[in-house]
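Asker: sequence plus the predicted model coming up.
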Amino acid sequence: MSEQSTDLRETVRRRYAAAAVKVTGGGTACCGSDPVEAGVGVGVGVDANFGSALYAADEREALPAEAVAASLGCGNPTAVAALREGERVLDLGSGGGIDVLLSARRVGPTGKAYGLDMTEEMLALALANAAKAGAANVEFLKGTIEAVPLPADTIDVVISNCVINLSTDKPAVFAETFRVLRPGGRIGVSDVVADDTLTPAERAERGDHAGCIAGALSFAEYRAGLEAAGFTDVEIAPTHPVADGMQSAIIRATKPVPGA
């Protein structure tokens, strides 16, 4: 990993660690380029384009308040992943655990929901939220989305909520996602995606990397990256704007079954 990539990852880690600490202390965090606190940008309050406002009221009400307050995403991937009873789900960049807990309810006691995060503070918050929710079919793992600590061909569905744009090695993320999925498995991801006309420099003008903007792929780049990793049936559907020329989008794709 280059020095610049290492620095960006550390910036992301520090930002989301600070967000977890804020939520633990009774505050609310959100993604986006918000005021800086203690040298790390931490949004306070709910941005209409990010966070818990993107979940249905009945979903929010069924979860611990801290899980809702820690929601940093740009969508609701569990609403579009069509999760089924008994499935094994992996959430890349699980944060405070909101999507893991919602997934655990959808797959039921015969299924399992994994959360993967690199930030100790977020993992601690997620574990506390799982305990409050009484969720027995969840497991949180420490690691990066570029090197998933799970065996190959073991996951039915991979979800993620506004996290892949934060990676500095997206081909590795797509390759690891493909690896852990069983043949026939699928992804249901919410992420920020840029219009194809925007250059990387123009994306950076609209927001910083840790704020979920500068690191976004374009629609064409996202599709090409997933297809290069081996995915088929790629669908990228914008849902709402988050900046000029930048959209929150739902991304779906499938890992093909060999010989099918």
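Answerer: Alright, I've got the coordinates.
Asker: just the helices in the stretch 151-260 of the chain please.
Answerer: Counting by DSSP state H, counting those that start in this stretch, one finds helices in the stretch 151-260 of the chain at the ranges 170-180, 200-205, 219-229.
Asker: got JSON lines for those, with mean pLDDT and mean neighbour count too?
Answerer: (Glycine included, C-beta is placed from N, CA and C.) JSON lines is the format used below for those (pLDDT from 0 to 100; neighbours: other CB atoms under 10 Å):
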{"stretch": "helix 170-180", "mean pLDDT": "98", "mean neighbour count": "20"}
{"stretch": "helix 200-205", "mean pLDDT": "92", "mean neighbour count": "15"}
{"stretch": "helix 219-229", "mean pLDDT": "98", "mean neighbour count": "17"}
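Asker: wait, which of the ones you listed is closest to A136?
Answerer: With CB to CB as the criterion, A136 lies closest to helix 170-180 of these, at 22.2 Å.
Asker: just checking, what packs against the closest one?
Answerer: strand 88-92, strand 155-161, helix 219-229 (3 or more CB pairs under 8 Å, 6 or more residues apart in numbering; DSSP states H and E).
Asker: reformat these as TSV; add distance to V138.
Answerer: Formatted as TSV, these follow (distance: least, CB to CB, whole Å):
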stretch	distance to V138
strand 88-92	10
strand 155-161	13
helix 219-229	27
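Asker: got the contact list for the closest residue to P151 other than its chain neighbours?
Answerer: Spatial nearest neighbour of P151, chain neighbours left out: V180 (7.4 Å); criterion: CB to CB, 6 or more residues apart in numbering. The contact partners of V180, by CB atoms under 8 Å, 6 or more residues apart in numbering, come to L90, V148, L150, P151, A152, D153, T154, I155, V158.
Asker: and the residue lying closest to the second one once chain neighbours are set aside, how far is that from A147?
Answerer: When you say that, I think you mean V148. Excluding the flanking residues, the one nearest V148 by CB to CB, 6+ apart is E176, at 4.6 Å. E176 sits 7 Å away from A147, going by CB to CB, to the nearest Å.
Asker: the helices and strands packed on helix 170-180: which one's closest to V189?
Answerer: Closest to V189 of the helices and strands packed on helix 170-180 is strand 155-161 (CB to CB; 4.6 Å).
Asker: can you give me the strands in this protein?
Answerer: In the chain, the strands defined using DSSP state E lie at 29-30, 36-37, 40-41, 43-44, 88-92, 112-117, 138-142, 155-161, 181-194, 217-218, 232-243, 246-254.
Asker: so which of the ones you listed gets nearest D169?
Answerer: With CB to CB as the criterion, D169 lies closest to strand 217-218 of the strands of the chain, at 12.2 Å.
Asker: among the strands of the chain, which is nearest R206?
Answerer: strand 232-243 (4.2 Å).
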